[in-house]
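**Q** everything below, folded, please.
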Amino acid sequence: MAPTPAGASGLVTLAGASAPAIKPGQTIALPVGVRNTGGSAVDGVVVNIRVSGGLSLPREFTNCRYYRDGILGGAWCALPQRVGAGAEYALSGFHVTASATAQRVSPVVFEWHPASWAQGQGGAAGTGGTLSLSPTKMAGPAVGAVYLRLMTSTNTRRPSRTATSPSPSSVLPRSAAAGVPAESELAGGETETSAGTNVVLLAAGTLLLIGGVAAVLVSRRSRYVGKHS
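**A** Just a heads-up that it's a prediction; the model follows:
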């Protein structure tokens, strides 16, 4: 294919209001049009269309010449309609196809040229109907390429971002969760009771010792007084 000057004759590509969705193996109609931003009408135009990245063009129009250019697929189509200054037209019945194994899709590039651009261009004609322009007001902006959204049936499960609060039974000891005192709790209670008992016994023993000493002293005093009276 010969080099193609972008934006020749003031013709710009118009897209639809939103990126259309396409599934692997599916063929869809692609809303796309042209606006003449120049100051004069153009008698007949040629649109050069290029696709790659999982997309192809059905060879469905006799006024289009389909070609391969390395990894790119494409077609140029001669459209005899007169495009007036400031007018907008849409391509009628233009389609694209996504391959059955497509993992992504690249944008579709459109370049608009006057009819004389077609001289000397190669390619093989398609079969079927004729691609044409229809006067219409496009909802989307002027773009360099038209984007699509590839829709697949594979859903990736992602972990929840919401933190899960632990249940009371996972926080409490197993025995406490079941309403039974834990062994550690029993041991603690027993230790506290034993300590209290030991204190009482120690105090009682001390009192008995003091009482015994006092009794001995009193007995010795009585003996001493008896001897010297």
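**Q** every contact and neighbour count from this point should use C-alpha atoms.
**A** OK.
**Q** from Thr136, how far out is Gln103?
**A** Counting by C-alpha to C-alpha, to the nearest Å, the gap from Gln103 to Thr136 is 33 Å.
**Q** now swap in Ala142 and tell me
**A** Per C-alpha to C-alpha, Ala142 is found 14 Å from Thr136.
**Q** more crowded one of the two?
**A** More crowded of Ala142 and Thr136, by other C-alpha atoms under 10 Å: Ala142, with 17 against 13.
**Q** that one pairs with what?
**A** Applying DSSP bridges to Ala142 gives these bridge partners: Leu14.
**Q** right, and it touches Ala15 too?
**A** Yes: the pair Ala142 and Ala15 qualifies as a contact (C-alpha atoms under 8 Å) at a distance of 6.6 Å.
**Q** now the helices for the chain?
**A** Using DSSP state H, the helices of the chain run over 168-171, 174-177, 183-227.
**Q** residues contacting Val105?
**A** For Val105, the contact set (C-alpha atoms under 8 Å, 6 or more residues apart in numbering) comprises 52-55, 98, 148-150.
**Q** check what pLDDT it gets.
**A** Turning to Val105, the model gives it a pLDDT of 94.
**Q** if I look at it, how far off is Gly93?
**A** Remark: distance between Val105 and Gly93 (C-alpha to C-alpha) = 20 Å.
**Q** so Thr13 makes contact with Val143?
**A** Yes: between Thr13 and Val143 there is a contact under C-alpha under 8 Å: 5.6 Å.
**Q** many thanks, have a good one.
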